[in-house]
Every structure is written in structure tokens, then in C-alpha cells.
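> Let's see this in three dimensions:
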Amino acid sequence: MTQPQPTAADLSGEIARVFALQQENQWKVKATNADQRKAKLAKLKAVVEAHTDDIIAAVLEDTRKPVGEIRVTEVLNVLGNIQRNIDNLDAWMAPTEVASSSNPDDRAQIIYEARGVCLILGPWNFPLGLALGPVAAAVAAGNCCIVKLTDLCPATAKVGAKIIAEAFDENEVALFEGDVSVASALLDLPFSHIFFTGSTRVGKIVMAAAAKHLASVTLELGGKSPVIVDEGADIAKVAAQLAGAKQFNGGQACISPDYVFIREDQKAALVEGFKTSVAANLYDDGKIKKEAIAQVVNPANFARVKALFDDAVEKGATVAAGGVLEADDLTIHPTMLTDVTPQMKILQEEIFAPVIPVMTYDSLDQAIGYIQARDKPLALYVYSSDEANVARVLNETSSGGVTVNGVFSHYLENNLPFGGVNASGTGSYHGYFGFKAFSHERAVYMHK
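Numbering: from 1, shown residues only. Down below sits the predicted model:
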């Protein structure tokens, strides 16, 4: 039987106590040097490694993700992020010398200082990976922080709390378990910076809460990430990559392709390629291997996706592939819909499931105009061998990031900033950009 989670009322005294400890300790932590911070990161890395089996078991219990996906996203990526901070911290912390425009004998420089006490709110789709990555960046930048993992993954939150408690003193980093009221109570506190990963709807709540204390924010949100398939694109490659992307975490990734634009004469080949790839990757003798695809996170989200699917079919969409939705264990088979129209809800809301609608277009102007008329997405994907057409898409649209002739690559490249724009987020992180997200660039001018 699932134990009830702590509420804000249960934890109010503890939250106030830990926050006060961190406020007092922030100046000591801010003054730490690179070697001291690297030692803390090395300890965090060692603790995560020691709890690898616990992490995999907890995330599996909460989400039924494939074990291989859990190992990569919740363990190996975390360890890689921590090590990247360790390897580069000396260079990142070094002041940047700036030539004085007023007196060449004077010195001007930018120093990177900690923001202070930070709040990190993690999502449910990658419950530990997308929380401990920001924790590593916050520690590298010399901050104190409080972490709250999602209440939808209680087993993972319990393991996360154990990891944080073993790696850090509570006056520097602490994690609170509990229901949504705990997150709301934390948002009432005057943090220096809030890092949130989740939906645009909740992102607005976080930003409003931050405004009360003029806290800076990093909001990693989502949106409907389009795919444009140009003439001459390798349709077999596109189909296989879309099938893999929608299978990954059951399509529950903020950068998952959300809808596709393709030429009418290429559509049939895309559908057949999608079917072939899904069958090869996910089925055995016609039966789906459920251990190879994550379930939808909970009944409410399953019902939401089913409502989008049903609305599309009722309004004339064709189920070109898949179309099986199993409510008893929250499994949705990878599904492709064709003949979709903008009036369908599935083209109006982020899907966040292994379902992808396909629209046809006659000219690049049509696809670009459609994207321009809607909220700026977190990711945009374009398959094209025409450099001029790629340049047009880049110049005439806006998105958090872009991958050309592939999926996810702009996220996986840690030398690039990852983040959204407007409705898909604000600020960015990964690697150096994570260090910057948790740092204030302080201007210093020194007269001779």
C-alpha cells in the first residue's frame, strides 16, 4: 500500500529551519574555491554511483521505463554532467579580463559569483536526471540549494533524498519529499534563483511566485516541437528516427517531435517506414514488448492523451499506424495519425506520448507560416539536403534549439546551451551554460 506523502503542514517547521540554515551559510559557500567545489562534486558522483541499483529500481517502480533508458538518463548522464563540471570548473570560475575603454592603466573584469540560495524543482519524465544535473551546476557555481522532486515519483524522491543527505550537509543542499503543497510552500520563500523543469502551465505559476521576491528564474518548459521534412529527404531515415524518438520514454520528453510536415507524395513512405521501424524495435511475433517502452505516467495523463486521440479520430484523422491504447497498464502503442487539421485538439496541445500527427504541405512558406503563428517551441527538426531551405527555416522561425537531419542532437551536445524561448522556457543550461545559469556575472572595475 502506498504511503501518504508529507504535506507542507507536516514539513513547515523543517522547511523554515533548513532555509534559514542555508541563508546563513550561503556566504561561506559562495567563498569556496574551485578545489573545494570539485571535492563536493566528486562526493556527489561517488554517492550516485554507489546507489545505481537503487536508482534503477526506484525509477522502474515509478515509471516502468526500460532499464537501459533508466541507466542512461538517470545514472550515466548524471555522472557525466557531474564530471564535466569537475573537469572545467577552474576555467569557468576564472575572471574574464576586459580592456578598459576609459583608461588603459585600469583593470576591468567579470567575475562569476553564486546567486545564493536556489530552489530546484524537478519533473516526472526524467525524475532524477533532470534534477541532479542542475544540482551539479548549482554546486559548481557556489550556491546552496533546496531540491523538490515530483510527487508523481515517490520511490525516486526517496532515493534522491538519501543521495543528497549522504553527499551534502543540509545547510548547503537539502531535498524535501512530499506532495504538491510542499512545492507550493517552497515557492513562497525568498530564493535567489528558481530552476524549474516542467509544463508551461506550471512554469507560469513558478514565474509569478518568483516575481514576488524578484528571484531570477530558469524555466525549462516544452511545447509542440515541429518536424519539417523537405523534398529529397531520406524518408526511411526520417521514419526510423521518428519511431525511435516516440518510443524513447514513451514519447514523454520535452524535446520529443510533436507533429510532422511532409509532402503528400512522401507521406505513404513515411507511414510505412514508421510501421516497419516500430515493428522491428518494439514487437515480437506481433506482440508489443512492454518492457521496451515506458508507460504513460498516470491515469490522468493517459486519459488526457486518449481524449486528444479520440477527438482527432472523431474529426476525421486517419490512424495510419498503431492506435492501440491500453488503459489497464497505461500503455500506448506508437501511433501515427494522418489527415489531421489545425482544428483538432491534438494539434493545439503538447501531446507528450508516443503519438505523432502528420500534416501535408505544398510549399515551405506554408510550413513556416504555421510555425510562426504559434508559440515558439522548445525544439525544431528539419530534414533537408537544401542548404537554402535550412537557412530559411532558421531565419524565419524561432525555437529553443534546432537539429538538422536528426532528432535530439542539439540537446545531447553539451557544448551547446539547452533551453527554450518565451512559452517554451527562459534561460538555458548544460555544461558551461549551467554554471552560468546559477551564477551572477559581476562587473568589477579597478582603478590603478
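> Every contact and neighbour count from this point should use C-alpha atoms.
OK.
> How about residues contacting stretch 130-141?
Contacts with stretch 130-141, where a contact means C-alpha atoms under 8 Å, 6 or more residues apart in numbering, come from 34, 37-38, 40-41, 78, 81-82, 85-86, 89, 93, 112-114, 118, 120-123, 144-145, 147, 149, 195, 197, 431, 434-436, 438-439.
> Buried residues in stretch 264-278, which are they?
For stretch 264-278, burial by neighbour count (16 or more other C-alpha atoms under 10 Å) applies to 266, 267, 270, 271, 272, 273, 274, 275, 276, 277, 278.
> my bad, stretch 161-170
For stretch 161-170, the neighbour count (16+ other C-alpha under 10 Å) marks 161, 162, 163, 164, 165, 167, 170 as buried.
> Centre of the chain to it, how far?
23 Å (C-alpha atoms, centre = their mean, to the nearest Å).
> secondary structure element for residue 402?
strand 401-404 (DSSP states H and E).
> Relative to that strand, what are the paired strands and their orientations?
According to DSSP bridges, strand 401-404 forms sheet pairs with strand 379-383 (parallel).
> what residues does the partner strand touch?
For strand 379-383, the surrounding residues in contact (C-alpha under 8 Å, 6+ apart) are 225-230, 233, 238, 255, 257, 390, 393, 399-407, 420.
> and the residues you listed, which of them are in strands?
With DSSP state E as the criterion, strands contain 225, 226, 227, 228, 229, 257, 401, 402, 403, 404 from among the contacts of strand 379-383.
> quick one: secondary structure of residue 151?
coil (DSSP: H, G, I helix; E, B strand; the rest coil).
> need the contact list for residue 424.
By C-alpha under 8 Å, 6+ apart, the contact set of residue 424 is 200, 220, 221, 222, 223, 375, 376, 377, 378, 400.
> how near is the fifth one to residue 399?
What that stands for is residue 223. For residue 223, the distance to residue 399 (C-alpha to C-alpha, to the nearest Å) stands at 10 Å.
> Identify the contacts common to these two.
Common contacts of residue 223 and residue 399 (C-alpha under 8 Å, 6+ apart): 376, 377, 378.
> For the second one, give me the backbone phi and psi.
What that stands for is residue 377. In terms of degrees, to the nearest 10, the main-chain angles of residue 377 are phi -80, psi 170.
> between the strand or helix carrying residue 280 and strand 225-229, how big is the angle?
Using DSSP H and E, residue 280 sits within helix 264-282. Helix 264-282 and strand 225-229 are oriented at 120 degrees to each other (axes from the mean of the first three to the mean of the last three C-alpha atoms, to 10 degrees).
> Quick one: distance of helix 264-282 to the chain centre.
27 Å.
> which secondary structure elements does that helix contact?
With contacts taken as 3 or more C-alpha pairs under 8 Å, 6 or more residues apart in numbering; DSSP states H and E, helix 264-282 sits against helix 235-247, strand 318-321.
> which one of these is the most hemmed in?
helix 235-247 (a mean of 22; mean count of other C-alpha atoms under 10 Å).
> Show me the two of the ones in strands among the contacts of strand 379-383 that sit farthest apart.
Using C-alpha to C-alpha, the two most remote members of these are 229 and 401, lying 17.0 Å apart.
> of the two, who's got more company?
Taking other C-alpha atoms under 10 Å, residue 229 and residue 401 do not tie; residue 229 has more neighbours (26 against 23).
> Look up which residues are beta-bridged to the more buried one.
So, taking DSSP bridges as the rule, residue 229 has residue 383 as bridge partners.
> That one reaches residue 265, doesn't it?
No. Residue 229 lies out of contact with residue 265 (C-alpha atoms under 8 Å); the separation is 11.6 Å.
> got the buried residues for stretch 329-336?
Neighbour-count burial for stretch 329-336 [16+ other C-alpha under 10 Å]: 330, 331, 332, 333, 334, 335, 336.
> Secondary structure added to those, as JSON lines?
JSON lines is the format used below for the buried residues of stretch 329-336 (three-state DSSP):
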{"residue": "330", "secondary structure": "coil"}
{"residue": "331", "secondary structure": "strand"}
{"residue": "332", "secondary structure": "strand"}
{"residue": "333", "secondary structure": "coil"}
{"residue": "334", "secondary structure": "coil"}
{"residue": "335", "secondary structure": "strand"}
{"residue": "336", "secondary structure": "strand"}
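> so can I have CSV of these showing pLDDT and distance to residue 57?
Below are these laid out as CSV (pLDDT from 0 to 100; distance: C-alpha to C-alpha, whole Å):
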residue, pLDDT, distance to residue 57
330, 96, 19
331, 97, 20
332, 97, 22
333, 97, 24
334, 97, 25
335, 98, 28
336, 98, 32
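> ok, so of the residues you listed, who is nearest residue 179?
Among the buried residues of stretch 329-336, and counting by C-alpha to C-alpha, the member closest to residue 179 is residue 330, at 22.1 Å.
> Contacts for the host helix or strand of residue 370 next, please.
Following DSSP H and E, one finds residue 370 within helix 364-372. Outside helix 364-372, the residues that touch it by C-alpha under 8 Å, 6+ apart are 226, 228, 261, 361, 389, 393, 396, 397, 398.
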